Every structure is written in structure tokens, then in C-alpha cells.
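*Asks:* Output the structure for:
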Amino acid sequence: MSTKNKIAAIVLGAGQGTRMKSSKPKVMHEIASRPMVSHLIATLEKVGVEKMTVVIGPSMDCIKDEVAPYTTAVQEKQLGTANAVMSAKGELDGFVGDVIIAYGDSPLVTEETFSKMIEKRNQGASVVVLGFTPIDAGKYGRLVVKAGELDKIVEFKDANEAERAIKLCNSGFMCVDGSILFDMLAKVKNNNAAGEYYLTDIVEIAKSMGLKCGVVEGSEEEFMGANSRSDLAKVEAIVQNRLREKIMDNGVTLINPETVTFAYDTEIANDVVIEPFVVFGKGVKVASNVTIRAFSHLEGATIGAHAEVGPYARLRPQAVLSEGAKIGNFVEIKKSNIGVGTKVNHLTYIGDADVGDKTNVGAGTITCNYDGYNKSRTIIGKDVFVGSNTCFVAPVTVGDGAMTGAGSVITSNVNSDALAISRAKQRDIDGFAPKFRAEKKAEKEAKKLSK
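*Replies:* Okay, the predicted model is just below:
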């Protein structure tokens, strides 16, 4: 019976990603609103990795900040994969247990596949290589297996005809006995055309030491890396499909699934209906029996049960909708609490505000929360009727049961049950309209004659 070892991981993330044509390190490009490297780290955490080091290049502090509290090690010069792993020696020297070696630009490997690698290590293999069988093996390195054990890894350019016929290919991912990892790496030579130190050489080194090497297989999809913007889009599509399947399996209806985009941390309860072309940014939580209508954008928002959002609504960070709230078309909510059963039906901006229960907010309402220097809050009580095109100049408080007249600019607090009206008295100027039109017509004719 196998015993469970401690597990560490070395994540390689020093690549600049020149094909991305970006100043941002490759592994920091986002998939489902999270950097690729963090997707991989989250999966490694699920399989029990306790200690982790991410190998970065010089001046990649943004990766260091992203992966904290895990440590980083700097690969000063890119001299091959073995050299990259060796860069982590200072962080893991003396570690006894399993060391997973993974690639930060390949975020699709699943928890199940990593678990198979660990199990193979526990069965006695000192080096476990993760392989896959692609539709087109192309120029991938081949895994030569004899009697159930990995015999060697052969690069395509070095393979003979029989070896090139092998379909099982090398992904680059490994799980290695940590007690001998750095000793084996020290034996890797760079006597090849590229002058680089290849991680794959440790298989031959392990075999020469009389140690067992094994292979486990994952799906081709798992090893799709993102080396270009085109690759990034393909990886995004795979992750989105996984998220959609998971969300639908949890009891959510997606009317047109491929048009809905989720973030990695989107939380949606059962019996929610999501119409087409809805985008979820980070930090959205949706309770049960909510309807989110088409062309809405949500980020950092919390939505209570039986609420309705959209179409064409925007919920920004710290928007909190209580049970039964209704946010209609072309409404933006930011850093505001919307009460139980409250309706904000159309063409409205509510920012930095608290709106009580069962309040009705008319079309064109604005909370004027920014004075050019400070942001202030608007407090609107329960059972309030807000007339269309009301502007609340914060800070201002409206009491329970109050009303505002359409077109009012509210600059002072409104008492409970009061009607607040702040607008100029209407004045009609008889006969003005035809005179105005005649003057404009004459001006237009004069301009034509002057030409």
C-alpha cells in the first residue's frame, strides 16, 4: 500500500512570450479574469501541494506579487528547462517528497491528471512524465515505453523512423522524487545544438541510476499552452466551456451558453436563468431564482434571490441587490445597496448609495456622488417614490415614504413622507416658436446668398 508523501511544485514562468507582443510576462495574461499562472496554482493546491516556487525572469515582480505567499526564484538567463528548475534549488533544497514540475502557460491540466502523476510516484517511480496522444503528433518529443516503464524521451529531430511512429508524446510536466531531483539536474549537460540544459535528460540519468521511470497520460486538450494571442483565445474558449458545463450541472439555465462569459470565481445558485450575451467579471455571486437578461455586464456584484437584472444592465463592484430587486435596461449600479423589492427600471445611475426596501426609482435618476474631489453617499429610505430625472447631489438623505417631483435636483435632506420639488417654474412665451423658426430660416438664406 502506497504512503502519501509531502508534495511541492516548481512552476516555470520565466518566458517573456514574445509572440504575445506584450510587455506583460506570458503567464500573467488572463483566462476567465485570472492570470494563467494562478489557474495552475489553484489546481495544484487542490491536489495537496504544500510548498510552491514559481521560476520567473528578471524584472518580473508582477508575477511575484500575483503568486504570493508562494515564493519565486529568478532564472537569470534562459538556458533551458533543466536550468529553470535548478533555479528553484534554493527554495526546495533538502525537500523530501514529490515535486511536480509544471508550466505556468499551460493552465488546463486537471486535478485528476495531477493526482494520477502523484499516485504513479507513490507506486515507486522516481520520475513520472505526463504524456498525451495528440491527433497530430507532429514534432513533439516521443515517450518510449518498454514493459510498462518509461525507457526514454526522444526529441523528434533525434528520433528514428520507429520512434517517430510512436503516438505518445511528451507534455513536459513531471513528478519527481524531491530527494534526488537536484542531484540529477546537476548531471544534465548542454552538449546539444542549442547549448541548453534539457529537463528531459533526467529520465536517462534516472535509468542509469537504476531507478524506475513511469508515464501517465492526460488528454490533448489539457496541454494546450498559450504562446500567442490566438492560443490565448483558444484556451479561453476551453475554460469557458468547462465553466458553462459546471454551472449548468449545478442547475442554472443558459439560454445560449456559448454567448455567456464567466469569471473563474463566478458563484451562481440553482434555478437561475441567464439570457444570451451576459458577461460576468470577477467576484459575482448570484442567489437562486434570479433572472439575468441579455447584454448585461456584472462585476463584483451580489444578487439576492428572485431579483431581476437587465437587459443592458451594468452592475459594478460592491453593487448589492436584495431579494426581489429589479434592475432594468440601461441601469448602472456601483457600490450601492438596493433594498428588498426595490425597482430601478431604466436609464439610471445609482452610485455610492443605500436605497431602502420597496422604493421605486424613476427613469433618468442620477446620484451625483462625485464633486470633483470627494465621493459622498446618497441615502434613500424605504417606500420612496423617485420622480423621473431626479438628481440627488450627495451627501443627501431622503426619508421613508418621501417623494420627489420629476426633474428635481435634490441638494438638501428630504423629510419622511414629504414631497420634494426643486425646479424652475414653467413660463410660456406666446408666439415665440414661429418667430424663432423665421429668424433661423432668414439666417440660413443669408448664408447661401453670401456664397
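*Asks:* what about the helices in the stretch 251-400 of the chain?
*Replies:* Under the criterion DSSP state H, counting those that start in this stretch, the stretch 251-400 of the chain contains no helices.
*Asks:* Oops, could you answer that again for the stretch 1-150 of the chain instead?
*Replies:* Listed in chain order, the helices found in the stretch 1-150 of the chain under DSSP H, counting those that start in this stretch are 36-46, 61-67, 81-86, 89-92, 111-122.
*Asks:* Compute the mean per-residue pLDDT across the last one, please.
*Replies:* The reference is to helix 111-122. Averaging pLDDT along helix 111-122 gives 96.
*Asks:* Find the nearest non-adjacent residue to Gly399, please.
*Replies:* In space, and not counting its chain neighbours, Gly399 is closest to Ser416: 3.2 Å by C-beta to C-beta, 6 or more residues apart in numbering. For glycine as for every other residue, the C-beta is placed from the backbone atoms N, C-alpha and C.
*Asks:* re the thing from before, most tightly surrounded among the helices of the stretch 1-150 of the chain?
*Replies:* Across these, averaging neighbours per residue (mean count of other C-beta atoms under 10 Å) puts helix 81-86 on top, at a mean of 24.
*Asks:* before we move on, back to that, compute the number of surrounding residues for the residue nearest to Gly399.
*Replies:* Ser416 sits with 13 neighbouring residues when counted by other C-beta atoms under 10 Å.
*Asks:* which SSE is it in?
*Replies:* Under the criterion DSSP states H and E, no helix or strand holds Ser416.
*Asks:* could you list every residue that touches it?
*Replies:* For Ser416, the set of contacting residues under the criterion of C-beta atoms under 8 Å, 6 or more residues apart in numbering consists of Gly381, Gly399, Asp400, Gly401, Ala402.
*Asks:* One more: Val252?
*Replies:* Contacts for Val252 (C-beta under 8 Å, 6+ apart) come out as Ile268, Ala269, Asn270, Asp271, Val272, Val273, Ile274.
*Asks:* among those residues, who's most crowded?
*Replies:* Neighbour counts for the contacts of Val252, by other C-beta under 10 Å, peak at Ile274, which reaches 29 neighbours.
*Asks:* was I right about it contacting Leu254?
*Replies:* Yes. Because the distance of 5.3 Å satisfies C-beta atoms under 8 Å, Ile274 is recorded as touching Leu254.
*Asks:* just checking, Cys213 touches Arg121?
*Replies:* No. The pair Cys213 / Arg121 is not scored as a contact, 10.7 Å apart, by C-beta under 8 Å.
*Asks:* Now list whatever residues contact both of those two.
*Replies:* Val128.
*Asks:* residues shared between the contacts of Ile274 and Leu254?
*Replies:* Between them, Ile274 and Leu254 have Val260 as joint contacts when contacts are counted by C-beta under 8 Å, 6+ apart.
*Asks:* which parts of the longest helix seen in the chain are buried?
*Replies:* For the chain, the helix that runs over the most residues, judged by DSSP state H, is helix 229-249. When burial is assessed from 16 or more other C-beta atoms under 10 Å, helix 229-249 yields the following buried residues: Asp231, Leu232, Val235, Glu236, Val239, Gln240, Leu243, Arg244, Ile247.
*Asks:* Backbone torsions only: list them for Asp400.
*Replies:* Backbone torsions for Asp400, taken as degrees, to the nearest 10, come to phi -60, psi 140.
*Asks:* OK, contacts around the closest residue to it other than its chain neighbours?
*Replies:* Taking C-beta to C-beta, 6+ apart, and ignoring the residues beside it in sequence, Asp400 has Gly381 as its nearest neighbour in space, at 3.8 Å. When contacts are counted by C-beta under 8 Å, 6+ apart, Gly381 touches Gly356, Thr359, Thr397, Val398, Gly399, Asp400, Gly401, Ala402, Ser416.
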